[in-house]
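A.B. asks: fold the following.
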Amino acid sequence: TRQGYAIEAITATIDWIKENGFSLIKAGVNPENTLSKKLLIRIGFNFSSIEDG
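C.D. replies: Predicted structure coming up:
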């Protein structure tokens, strides 16, 4: 599924980031994109704020 590939890609990227010494990861998503928001929450991201831009 599309979401399955997205989870694989994101978790691989997060693993690489952690292995290379980074401790903070930020993700941006369109507030209207419900699937992307659910995916990020599913893999452990927390909502922090809404930014204009």
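
A.B. asks: going by C-alpha atoms from here, please, whenever you check contacts or count neighbours.
C.D. replies: Noted.

A.B. asks: what helix or strand is residue 29 on?
C.D. replies: Of the helices and strands defined by DSSP states H and E, none includes residue 29.

A.B. asks: contact partners for it?
C.D. replies: Going by C-alpha atoms under 8 Å, 6 or more residues apart in numbering, residue 29 touches 36, 37.

A.B. asks: got the contact list for the residue nearest the centre of the chain?
C.D. replies: Note on the chain: the residue nearest the mean C-alpha position is residue 40, at 4.3 Å, using C-alpha atoms, centre = their mean. Contacts for residue 40 (C-alpha under 8 Å, 6+ apart) come out as residue 46.

A.B. asks: any idea how far residue 34 is from it?
C.D. replies: 10 Å (C-alpha to C-alpha, to the nearest Å).

A.B. asks: before we move on, what about residue 27?
C.D. replies: Here the criterion is C-alpha to C-alpha. By it, residue 27 lies 14 Å from residue 34.

A.B. asks: I am finished for the moment; much appreciated.
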